[in-house]
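>>> no letters, just coordinates:
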């Protein structure tokens with residue numbers, strides 16, 4: 001094959017096609033998946049990496065953190081199996097420290113061969129509907145309580161699945177058909193990426209992806225460095241309080257901007273805890289880099305070059321660089337705070353480009369039990385809080401950030417679980433006051449409609465007043481979240497047993513407001529009242 005010269009037009013065509021390839025793989029994965037995590041809530045990613053495991057393209061609607069974690073996992077795969085890879089091999093792991101930071105996320109990857117050489121990697125990660133162990137809860141004390149740990153291994157050899165692995169996985173999860181169905185959907189996505197990449201290379205006469213990868217990554221790195229150079233050099237500091245488990249958790253950040261690079265250090269943050277809110281370093285870096293990217297370079301598609309100028313450090317053994325055997329099932333309750341810390345730190349230098357604090361981390365309810373016919377069930381559903389307001393507009397109601405997860409439809413909740421949803425509605429007086437109002441959260445109330453007890457655990461955060469989503473530039477704070485069981489406030493970090501006809505009510509936080517409330521126009525105030533965003 002003849003090598004194609006990568007002029008600007010050809011580069012744009014090739015790059016756009018790589019993105020369309022992983023987008024197509026994502027669609028194939030959604031259409032072949034079994035669980036609502038993938039099919040309805042979008043909790044997955046598809047990634048293309050170069051031969052060395054550095055990212056080239058990520059599906060447009062994938063979870064942002066996975067842009068960092070999947071390539072890193074692929075590099076762990078390469079280190080383990082570099083000399084023992086054949087066409088149609090597929091590698092797998094859910095290891096916390098070599099994957100995404102908690103066991104339900106299963107990462108798989110497949111080497112792409114051309115003429116006997118590995119020219120790239122197709123990767124995918126998805127949040128499994130169950131991974132065994134306890135129902136995911138913030139009060140797990142170590143990783144050994146959280147479910148089945150899958151070491152780095154070959155799940156497929158030459159396109160043939162490891163039957164022993166499948167038997168072990170099925171034996172350890174509550175909904176084996178859903179878990180295996182989603183895993184096969186991931187295999188489908190890998191195959192689609194491989195097929196489309198090889199077809200593109202043949203069409204353009206490419207013998208490898210090396211030159212294309214260099215152009216994409218180096219140009220993206222240069223663009224990020226140019227964006228960083230527009231920030232005044234110096235140290236920008238930020239702190240945050242999370243609900244924690246029992247006692248609040250304090251996070252500290254120092255962002256040093258110098259010579260077109262950024263160093264983010266989390267020294268001074270609290271130590272890791274005997275609960276599942278610990279964050280591994282890969283997840284800490286992933287969401288820190290995402291925060292930088294959203295402010296400085298939002299229009300460049302994600303790839304390794306975008307994050308190259310950003311270094312992230314945290315003390316080993318801290319809540320943001322947890323060491324084994326720390327539990328991490330609820331790591332999002334802390335990790336989702338990091339992009340907002342970055343945004344608020346950069347607000348000092350560029351107030352017109354940032355937003356007030358959002359009503360995240362995203363919330364979810366993990367539900368398990370026994371149906372009236374004796375069959376087991378285990379599933380989860382997601383809820384989102386309000387988006388923070390900016391200097392230009394109100395915050396959006398019920399929008400996920402920094403993750404990219406959709407709220408699970410009521411129809412799917414009632415179809416998959418023996419529950420009756422009383423209502424799901426926008427939360428009144430949820431968004432923070434301001435010249436621009438913060439987005440409001442939502443309320444959902446559901447009842448155990450089975451004749452057996454139901455075990456429910458919550459991923460719920462910002463329920464303490466001191467952790468409420470903060471306003472910006474004089475804007476008011478968003479309302480903190482609430483979790484009620486049978487009408488009484490409960491500890492959302494502890495598993496709850498809901499009896500037959502028991503009722504759960506969840507109220508997600510609202511986003512912070514922007515600007516002084518007195519500057520909001522009378523017309524907008526009246527519209528807020530008519531839309532029932534605020535009470536009379």
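That came in fine, so what should we check first? Keep in mind it's a predicted model, so treat the numbers as computed, not measured.
>>> dihedrals phi and psi, residue 458?
phi -120, psi 140 (degrees, to the nearest 10).
>>> and the gap between the closest residue to it other than its chain neighbours and residue 507?
Spatial nearest neighbour of residue 458, excluding adjacent residues (C-beta to C-beta, 6 or more residues apart in numbering): residue 492 at 4.3 Å. The C-beta positions use only the backbone N, C-alpha and C, and glycine is treated the same way. Counting by C-beta to C-beta, to the nearest Å, the gap from residue 492 to residue 507 is 11 Å.
>>> shared neighbours, those two?
residue 483 (C-beta atoms under 8 Å, 6 or more residues apart in numbering).
>>> tell me the secondary structure for residue 451?
With DSSP: H, G, I helix; E, B strand; the rest coil as the basis, residue 451 sits in coil.
>>> for residue 221, same thing?
Classified using three-state DSSP, residue 221 is helix.
>>> what's the answer for residue 138, then?
Going by three-state DSSP: residue 138 is coil.
>>> who are the contact partners of it?
Residue 138 neighbours (C-beta under 8 Å, 6+ apart): 245, 275-277, 329-330, 333, 457-459, 492-494.
>>> so where do the helices sit in this structure?
Assignment of helices within the chain using DSSP state H yields the ranges 8-32, 36-39, 66-81, 163-172, 176-204, 210-229, 281-296, 304-307, 332-335, 337-346, 410-416, 522-530.
>>> please name every helix or strand in contact with the third one.
Helices and strands in packing contact with helix 66-81 are listed as strand 44-50, strand 55-58, strand 90-93, strand 105-114, strand 117-127, helix 281-296, helix 304-307; criterion 3 or more C-beta pairs under 8 Å, 6 or more residues apart in numbering; DSSP states H and E.
>>> would you mind giving these as TSV with distance to residue 181, mean pLDDT and mean neighbour count added?
TSV is the format used below for these (distance: least, C-beta to C-beta, whole Å; pLDDT from 0 to 100; neighbours: other C-beta atoms under 10 Å):
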stretch	distance to residue 181	mean pLDDT	mean neighbour count
strand 44-50	13	97	29
strand 55-58	23	96	27
strand 90-93	15	98	24
strand 105-114	12	98	24
strand 117-127	11	97	25
helix 281-296	26	96	25
helix 304-307	31	96	24
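>>> closest one to residue 160 among these?
Closest to residue 160 of the helices and strands packed on helix 66-81, according to C-beta to C-beta: strand 90-93, at 10.0 Å.
>>> could you verify my assumption that residue 62 touches residue 48?
No. Shown here, residue 62 and residue 48 do not form a contact pair, counting by C-beta atoms under 8 Å, at 11.4 Å.
>>> show the pLDDT at the nearest residue to residue 124 once chain neighbours are set aside.
Ranked by C-beta to C-beta, 6+ apart and with sequence neighbours excluded, the top spatial neighbour of residue 124 is residue 186, at 4.4 Å. We have a pLDDT of 98 for residue 186.
>>> from residue 432, how far out is residue 186?
Distance from residue 186 to residue 432, by C-beta to C-beta: 39 Å.
>>> output the below-cut-off pLDDT ranges for this structure.
Along the chain, the parts satisfying pLDDT under 70 run over 1-5.
>>> ok, now with 80
1-5, 536 (pLDDT under 80).
>>> Serialize the helices of the chain to TSV and add fields for distance to residue 452.
As requested, the helices of the chain are arranged in TSV below (distance: least, C-beta to C-beta, whole Å):
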stretch	distance to residue 452
helix 8-32	32
helix 36-39	22
helix 66-81	36
helix 163-172	22
helix 176-204	20
helix 210-229	53
helix 281-296	35
helix 304-307	47
helix 332-335	29
helix 337-346	36
helix 410-416	16
helix 522-530	44
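>>> re earlier: give me the neighbour count for the residue nearest to residue 124.
Under the neighbour criterion other C-beta atoms under 10 Å, residue 186 is assigned a count of 30.
>>> need the strands for the stretch 351-500 of the chain, in chain order.
Here the stretch 351-500 of the chain has its strands, by DSSP state E, counting those that start in this stretch, at 363-370, 376-383, 419-426, 442-448, 454-459, 482-485, 488-489, 496-498.
>>> please determine how far the residue nearest to residue 124 is located from residue 394.
38 Å.
>>> off-centre distance for stretch 517-535?
When distances are taken as C-alpha atoms, centre = their mean, to the nearest Å, stretch 517-535 is centred 33 Å away from the chain's centroid.
>>> tell me the buried residues in it?
517, 520, 528, 533, 534 (16 or more other C-beta atoms under 10 Å).
>>> would you check which pair of these lies furthest apart?
Going by C-beta to C-beta, the pair spanning the buried residues of stretch 517-535 furthest: 517 and 533, at 13.6 Å.
>>> okay, now the closest residue to residue 336 other than its chain neighbours: neighbour count?
Of all residues not flanking residue 336 in the chain, residue 361 sits nearest, at 3.5 Å (C-beta to C-beta, 6+ apart). Residue 361 is flanked by 29 other residues according to other C-beta under 10 Å.
>>> quick check: residue 361 touching residue 340?
No. Judged on C-beta under 8 Å, residue 361 makes no contact with residue 340 at a distance of 9.7 Å.
>>> single out the most deeply packed of the helices of the chain.
Of all the helices of the chain, helix 332-335 has the most neighbours on average by mean count of other C-beta atoms under 10 Å, namely a mean of 28.
>>> let me have the strands of the stretch 351-500 of the chain in TSV, extended by mean neighbour count and distance to residue 466.
TSV is the format used below for these (neighbours: other C-beta atoms under 10 Å; distance: least, C-beta to C-beta, whole Å):
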stretch	mean neighbour count	distance to residue 466
strand 363-370	24	19
strand 376-383	22	22
strand 419-426	16	25
strand 442-448	21	22
strand 454-459	24	19
strand 482-485	18	15
strand 488-489	9	16
strand 496-498	17	24
